[in-house]
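1. build me a structure from this.
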Amino acid sequence: MKQKIEDKRSRILEEELKASQEKRYRDLFEQVRHGLFVSTKEGRFIDCNQAMLEMLGYGSKEEFLSIDIEKDLYINPEDRKRFQQEIEKKGYVKDYEIKFKKKTGEKISVLVTCNSLLDNKGKVIGYQGLNIDITARKRMEREVREATKRFQKIAEMGDDGIIVFDKSYRIEFANTMATDVTGFSGEELMGMDFNLLLNERDQKFLADMHSEVGEDEDRRICVEMEINTAMGDAKDVEVCITIAKSEEKGFRTYAYIRDITQRKKMERKIREANEFLSKMIESSVNCVVATDMKGNILLFNKGAEELLGYKSEEVVGKMNIRNIYPPGVAKEVMAKMKSPDYGGVSKLKSLPMVHKNREGEAIDGSLSASIIYDDKGNEVATVGIFTDLRPRLEMEEQLRKTQQQLLQSEKLAAMGRLTSQVAHELNNPIYGIMNTLELLKTEIPSNSKRRRILDMSLSETQRLSEMLRSMLSFSKPQEEARREIDINKLIEDILFFLEKQLRESNIKIQINLSKEFPLITASPNQIRQVILNIIANAKDAMPNGGTLTVETLSENGQIIIKVQDTGIGIPEEIRDKIFDAFFTTKQKVKGVGLGLSVCYGIIKDHGGDIIVKSEVNKGSTFSIVLPQSSSAK
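-> Next up is the predicted model:
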């Protein structure tokens, strides 16, 4: 009996203990501030705590336990299937991130940690676990990422390189400009000791800067340094540092690096420009003189020394500009500088002036001057530049003559076009007249008086035809295929046909043709025309007879044809004009002055030249110079 009573007490004690444990479990279940749940495999909740209801926005457990997990809880039903596959494969999941939706439809991010519930046969019948709402954390992470992205954007948009390093100088961040300045890639910079980018002197500067900044986050110090680049050279930069404290990582140094290479180059260029300006003033060919407002000379460059004949040491600080200007000119120049009518107030532009140098020689020139002011606007000095215009005046005179020649050339060109038209129109009737006269000659006896008149008419008509051919050649030289020709043979043929005319004019012929004379590439008819014309001019230059000498020779890859007469010669004052179109010393009935002009054009077109030597009453020598043919070379 006593045993039964003990057993009954024991069972009551066990039941009370079990009830107490269940109560503690339930209290714990409800008091946990994260969502606890028990659910079936099919998708229904069996139990949950109050935190779970609050997390998902449900007012009562009964309402919550009635929802369809896949439909009412998951934003994406496929996530439910993937979750089940994961937990049934391993038997549990830990910190499994899922997106749920609250009763209101609001999306939340949840970390799920749970395990499978098994029956007696080990088959999965449900799940129990813990849901932690990480929506706020995700939002914070997103904000951190966005803030980081904004910082990176700002860092990348600037013109400065930005490098962040810790207290041991290890680089933690470097923007794109930092890689551009240093030449190292971002990967190479990360973890690098910042001091490796500096030389020993600048490493000390950096340490001093850190000491000066101390722990003041609002302090910023800048200094010019040299950065060692990846290419092994040094680059001029301006480095500004400031610090930022962190509870976790201590302080960080933010180094803003600006490439000042171009600025340094510009500063050097400015210095060089100032030096260059000083040298330029000193070495200018123009006369540059600066004076104070009383006219005392302060600057006297080399150009002034050479032009005016004074030495700088003779005038600077010792002479007044009035001693150099003509009387009254200094006062006139100052008045015009202060007037707005001569280039603006304080300026004088290109005032014509005649200076006299130390020897009294007059120098035509132009004066430009201006007044120099200090920072307060006070007149302190004047500077003048006197330009010697004598070479320019000579050039203008030459230009005027050239323009006259150009105008004359334009007139000649127009006349050439007109001449070509007239010659073409006249050629056909003239050839008709010549043919008719030739036919008439066959019908009139040679001893008839009319035959002499007919011969004279035919001769004059032929002369007119030759004149028209010269006019055509002048306006538009005939094109003819060039070939290798023997100049000696060409000259012998010409002299053979002219021999009778020359003897009738009491002119002796001397021929001196070089043996083994090289061939030339030329137009035979054009070269024949040139030689005929020059021989004809030589004949006209010896009206009382004389000697005509024709000579050929070869020198330095060129052939030379010399035609020499013993005639009246060419006066020196007209010797340079004999190749001008329409220039002639003959009577009007003998020519229009196109012969030598056409000849000169032909020889120039063949790459040669005509050289003339002449003495009055002694004769002239025309030397035709032509290049040898390539085969002859």
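
2. now the helices for the stretch 1-150 of the chain?
-> For the stretch 1-150 of the chain, the helices defined by DSSP state H, counting those that start in this stretch occupy 2-31, 50-56, 61-65, 77-90, 135-157.

3. helices or strands up against the fourth one?
-> So that's helix 77-90. Under the contact criterion of 3 or more CB pairs under 8 Å, 6 or more residues apart in numbering; DSSP states H and E, helix 77-90 touches strand 92-101, strand 107-118. Quick note: C-beta positions are derived from backbone N, CA and C, even for glycine.

4. tilt between the first one and helix 135-157?
-> I take that to be strand 92-101. 80 degrees (axes from the mean of the first three to the mean of the last three CA atoms, to 10 degrees).

5. now the angle from strand 92-101 to helix 77-90?
-> 170 degrees.

6. low-confidence bits of the stretch 151-300 of the chain, can you list those?
-> Scanning the stretch 151-300 of the chain for pLDDT under 70 picks out 152, 155-156, 247-249.

7. quick one on the thing from earlier: pick out the shakiest of the helices of the stretch 1-150 of the chain, pLDDT-wise.
-> Note on the helices of the stretch 1-150 of the chain: helix 2-31 shows the lowest mean pLDDT, a mean of 56.

8. where in the stretch 401-550 of the chain is pLDDT low?
-> 402-403, 405-417, 419-421, 423-424, 463, 466-480.

9. including mean pLDDT, could the helices and strands packed on helix 77-90 go into JSON lines?
-> Formatted as JSON lines, the helices and strands packed on helix 77-90 follow (pLDDT from 0 to 100):
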{"stretch": "strand 92-101", "mean pLDDT": "91"}
{"stretch": "strand 107-118", "mean pLDDT": "91"}
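
10. so which residues of the stretch 151-300 of the chain form strands?
-> Taking DSSP state E, counting those that start in this stretch, the strands of the stretch 151-300 of the chain run over residues 161-165, 171-174, 221-228, 234-246, 250-259, 287-292, 297-300.

11. typed the wrong thing, it's the stretch 351-500 of the chain
-> Listed in chain order, the strands of the stretch 351-500 of the chain (DSSP E, counting those that start in this stretch) span residues 362-373, 379-388, 483-485.

12. buried residues in the shortest one, which are they?
-> Applying a neighbour-count criterion of 16 or more other CB atoms under 10 Å, the buried positions in strand 483-485 are Ile485.

13. in its sheet, what does that strand sit against?
-> Here strand 483-485 is paired, per DSSP bridges, with strand 520-522 (antiparallel).

14. residues in contact with the strand it pairs with?
-> 482-485, 487, 559, 606, 626-630, 632 (CB atoms under 8 Å, 6 or more residues apart in numbering).

15. gap between the most centrally placed residue in the chain and Leu393?
-> What sits nearest the mean C-alpha location of the chain, by CA atoms, centre = their mean, is Gln262, with 18.5 Å. From Gln262 across to Leu393, the span is 46 Å (CB to CB, to the nearest Å).

16. just Ile531 next, same as before
-> To Leu393, Ile531 is 45 Å away according to CB to CB.

17. so the two - more neighbours on which side?
-> More crowded of Ile531 and Leu393, by other CB atoms under 10 Å: Ile531, with 21 against 12.

18. count the residues that sit near Val110.
-> Using other CB under 10 Å as the criterion, Val110 is surrounded by 20 other residues.

19. so it touches Asp95, yeah?
-> No - assessed by CB atoms under 8 Å, Val110 is found out of contact with Asp95, at 10.3 Å.
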